[in-house]
Structure formats: C-alpha cells, structure tokens
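A.B. asks: Quick one, what's the 3D model for this:
(one chain, ligands or ions: 1)
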Amino acid sequence: TLFPEMIRDGFETSITGRAVEKGLLSLETVNIRDFSVNKHNRVDDYPYGGGAGMVMQAEPIYRAYEALVEKIGKKPRVIYMTPQGQTFNQRIAEDLAKEEDLVFLCGHYEGIDERVLEEVVTDYISIGDYVLTGGELAAMVVVDAVARLVPGVLNNDESAETESFHNDLLEYPQYSRPEEWHGKKVPEVLLSGNHKKINAWRLEQSERRTEERRPDLYAKYQEKQKVIKKLSAKKRIFIHMMETLSRGLGEILYAEGKNVLIYLPEIGNAMLNAEDEEHLEKMLPLIPKAVSGHSIVTVTDRWNERVSEILGYHGSMLCSQACYTRGEPLPVRHKDIRQLTVEEVPYVAEHYHLGDEIYVRERITAGDVFGIYIEGKLCGFIGCHNDGSMGMLYVEDAYRRQGLAASLEGYLINKQREQGMIPYAHIVNGNEASVQLQERLGLNLSDPAIWWLYN
Ligand code: ADE
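C.D. replies: Numbering: from 1, shown residues only. The predicted structure is shown next:
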C-alpha cells in the first residue's frame, strides 16, 4: 500500500485490534514507496498509449513483493484488490481464512502495470460493482471478514456460525432490553425460554426476510429445501447430502426427485444418488473435473463400478452412516473439552492417520477439532471433517475404556445440534468399536451402505 497508516488505524481498533493483541493475528504494512527506484521516491508514471491518470510502476511493487517472499520464506497468496476481480463473498472469506499468510496489494491511481500483476498476483478480488479511490478500504473489508473466521478472534458469544449467508438465509431480527421501546414490544416468543419455539420463529423470520430483501438468495434456498425434503424420506441413507445442503457446503448440480448430484466446491468432492441408470447417465457428465483429479465421490447404492470407470477411480470404501436425530442433547461426563488451536497440530497429526498434516491444520484452523483434557493433559480429540461429517476420533491407549470417546462425540453432537445441524458420521465397514459407540450414544445407523470412491 501507499497508505500504511490508513490500514493500521483501521485495524488497531475494535475486534481485529484485540485479536492482534491476543496474538491470534498479525498485521504488517509494507509501504511500496520504500521500494521506489526513483530519487524522488516516485512510484507512478504516465500510461503508455496515453489516457487519464497515472499508473503504478512494476518495479517498486516487485521489490516490495520480493522482500515479503524473503521474509515469509515462501511465495504467499497475493490478492490484488480491484473492481475487475471476483466479487467477494462469505465463501471466499472462508477459503482465505485457511491460509497462514495473505498479502493484499492495494492499487491507486488508474491501476498497476499489468506485467507485475502477472508475476505476483494469485487472486483478483472486488468488493462490489463500484469504484473506490484505492484498494485499501476494499482490503480492509476482506481482512475484517476473514479475521473474524479465525478461531479465537470472536468470543464464544459472538459465534461466527449461525449468521447471515451461512446457509443462503439472512439473519433473523434481534432484540435487547428494554422489553418495550417506543411502544414496540419484543416478540413474545423470545421471552418464552422455549428454545425449540425460538429457533422455529427465527428460521421463519429469516425466511420471510430473505424472501423480501434478497429474492435471489431465497430462490436458491427454496430449491435446496425442496431437495432436502425429498431426501428426508430416507434420512439414514441421505443424511450426508441433506446436511451438505442445509449447511451451505454443497451446490446442487442435478436434482430430479431423489436423483441428486451435489458438488462441494471448497473440497472438490461430489455426492451422488441415482435411482436408475437413466438418471445416472445424465449426472455422470456433470461431475466437475476437480473430482476426477484427486478427490472422492460418494455414491449411494449400486453404481460404484460405472462411476469409478467414468472417473478413472480405483479405490473404494464401504461405509455406513450414523446420524443423531433425537430431540435431547447427550450427557457429557468429561467437562474439560476445548477447541484446539494450531499449537496442537503436531499432536493431532501424529495420532490421526487418515489425513495428512495439511488436512489436520486446515481442520484445526477452521475451528472444527476439539480435544479432551484429563488433569490438564490433552489425551484425545474429535473433529468435524471438511464435508461436515464427524470423525477424526482418537483417545490415547492409557485413557481408553473410561468413556472419553463418548464424551467427545457427545460434546460435538450437542454443539452441532445447538447450531441447528443433524450430526452424522461415516463408519468404515468393519469398525465394530465405532458401531458400538454410535449405538450406545443413540445414533441411527443406515443399513444400505454408502460408498466412497477415489483414485
Ligand atoms: N479498488 C477500487 N475499487 C475497488 C473495488 N470495488 N473492489 C476492490 N478493490 C477496489
């Protein structure tokens, strides 16, 4: 940036400032002018070909970038803030929140020499269809939206989960004291203490508000609800698809009754159910390329061979699904269960063998892994996978047979239920210990199994 103080001033106050103080985030500003190659410290010049305004030159920006690469020790993701970029949204915020380092390049004047953009920029992001005087405010918008997704930045009571855009719905209206203001009363139901009723009221308000204010979002929401309803006829088999949709993780690529193809753009996997061959053949060409790369397709029923053949897959894994649909929360005997932080990446990576360290770090950074502590010592964990299913369950040998796994899973189930989710897990065929645990906790197990296919 050419205006570091603007960024620092904006960042030091409020929640982001507190997060910096707590050491959860750090912010550095780099003044491009310090890398000027001109004795008057100039960083801009006239555009070739003529036209209004000045253009930021390539060399100072490139030097600033090189200094950053040297400092970070690797090439970071460099985001150029420009109205020509992809329009920023919550999904992009979630994607950026997984990174360890982010560099924002803020332009001024009429733009930046294209050649340096080609060499350093990895992402082009706009914050909307209007033109600002520079990229600083836009970068601050993105930084703020990303920062609040970093575990610990928001207090528990400022939960990042249940708010607008999580699931194509706007947030419901909020009220605080006094009970009556300007003759307007707080809606009765909010004073009732009945959380089931409160949640139902809030959902209805969210729906009504979205329909009125964002008909585009509402149409998307309705389409999803229709599919979820169809699938809910066989909840035990389709819980993964239903939850993927209701949590806003998946997009519908095909839906015709229970014939559904869902794509999870963030992780590049797909979920498919075909009731007959005709529908299967219609869906197969719609499976995105990313899926035929390294990721996995989940298939219900009997089409494993055909899907594997089309995608060139060789691996498969038979699982049953378990979901928790009871009305009441589970008792959790062990109380010291905490959300893990990146400090615990080595511990989790050492003991969780189905994913690599990158995956473990990503899951922990997303705030989706929880550890159980006995006398202050971490001795097990559970997590929520990037597709939303529960898993990654581990308890140290010395602490087994004491109900720690039940406490961990009970804790996660309760947490997800509070957030309006139906908790579910995939259990690899033959894992009897897990089946027993699921049955003990009162989860429903699917009988017809699902298949994970991969290459
Ligand atoms: N720089 C100028 N206008 C912008 C916008 N709308 N989004 C991002 N960066 C910008």
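
A.B. asks: Wasn't I7 part of a strand?
C.D. replies: No. Going by DSSP: H, G, I helix; E, B strand; the rest coil, the assignment for I7 is helix, not a strand.

A.B. asks: wait, it sits on A139?
C.D. replies: Yes. I7 lies in contact with A139 (CB atoms under 8 Å); the separation is 7.0 Å. (Glycine included, C-beta is placed from N, CA and C.)

A.B. asks: what's the overlap in contacts for those two?
C.D. replies: T1, C106 (CB atoms under 8 Å, 6 or more residues apart in numbering).

A.B. asks: between those two, who's got more neighbours?
C.D. replies: A139 (24 against 21; other CB atoms under 10 Å).

A.B. asks: Excluding chain neighbours, give the residue nearest to the more buried one in space.
C.D. replies: In space, and not counting its chain neighbours, A139 is closest to F104: 3.9 Å by CB to CB, 6 or more residues apart in numbering.

A.B. asks: residue contacts, the one you found?
C.D. replies: T1, V78, I79, M81, G135, A139, V142, V143.

A.B. asks: So the fourth one, which state does it fall into?
C.D. replies: Yep, that's M81 we're talking about. Going by three-state DSSP: M81 is strand.

A.B. asks: so who does the spatially most central residue of the chain touch?
C.D. replies: Taking CA atoms, centre = their mean, the centroid of the chain lies closest to E94, which sits 4.6 Å from it. Residues in contact with E94 (CB under 8 Å, 6+ apart) are L149, E266.

A.B. asks: per-residue confidence for it?
C.D. replies: E94 is assigned 88 on the pLDDT scale.

A.B. asks: ok, it to N386 distance?
C.D. replies: 11 Å (CB to CB, to the nearest Å).

A.B. asks: Between these two, which contacts overlap?
C.D. replies: Common neighbours of E94 and N386 (CB under 8 Å, 6+ apart) are E266.

A.B. asks: what's the single longest helix in the chain?
C.D. replies: helix 195-213 (DSSP state H).

A.B. asks: and the next element down the chain from the helix or strand bottoming out on mean pLDDT in the chain?
C.D. replies: Using mean pLDDT, DSSP states H and E, the weakest-scoring helix or strand in the chain turns out to be helix 289-292, at a mean of 63. Going down the chain from helix 289-292, the next helix or strand is strand 297-300, by DSSP states H and E.

A.B. asks: Each with direction, which strands does that next one pair with?
C.D. replies: strand 269-273 (parallel), strand 450-454 (antiparallel) (DSSP bridges).

A.B. asks: can you give me how far it is from the chain middle?
C.D. replies: From the chain centre to the centre of strand 297-300 is a distance of 21 Å (CA atoms, centre = their mean, to the nearest Å).

A.B. asks: Output that strand as PDB, nothing but the C-alphas.
C.D. replies: What follows is strand 297-300 as a C-alpha-only set of coordinates in PDB (Å, rounded to 0.1, in the frame of the first residue of the first chain):
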ATOM      1  CA  VAL A 297     -17.100 -39.100  -4.900                       C
ATOM      2  CA  THR A 298     -19.700 -40.500  -2.600                       C
ATOM      3  CA  VAL A 299     -22.200 -42.700  -4.100                       C
ATOM      4  CA  THR A 300     -25.200 -44.300  -2.600                       C
END
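
A.B. asks: what's the next secondary structure element after that strand?
C.D. replies: Next element after strand 297-300 (DSSP H and E): helix 304-311.

A.B. asks: which other residues reach the next helix or strand after that next one?
C.D. replies: Downstream of helix 304-311, the first helix or strand assigned by DSSP H and E is strand 315-323. Strand 315-323 has contacts (CB under 8 Å, 6+ apart) with 235-237, 239-240, 304, 308, 422-429, 435, 438, 443-447, 449-455.

A.B. asks: Could you rerun that using 6 Å?
C.D. replies: 239, 304, 422, 424-429, 438, 443-446, 449-454 (CB atoms under 6 Å, 6 or more residues apart in numbering).

A.B. asks: Close to the ligand as well: tell me which of these qualify.
C.D. replies: Contacts with the ligand within the contacts of strand 315-323, as defined by CB under 6 Å from any ligand atom: none are present.

A.B. asks: what does this structure put close to the ligand?
C.D. replies: Going by CB under 6 Å from any ligand atom, the residues of the chain near the ligand are M81, T82, P83, S126, I127, G128, Y130, V131, L132, G135, A138.

A.B. asks: Among these, name the buried ones.
C.D. replies: Buried by 16 or more other CB atoms under 10 Å: M81, T82, P83, S126, I127, L132, G135, A138, out of those.
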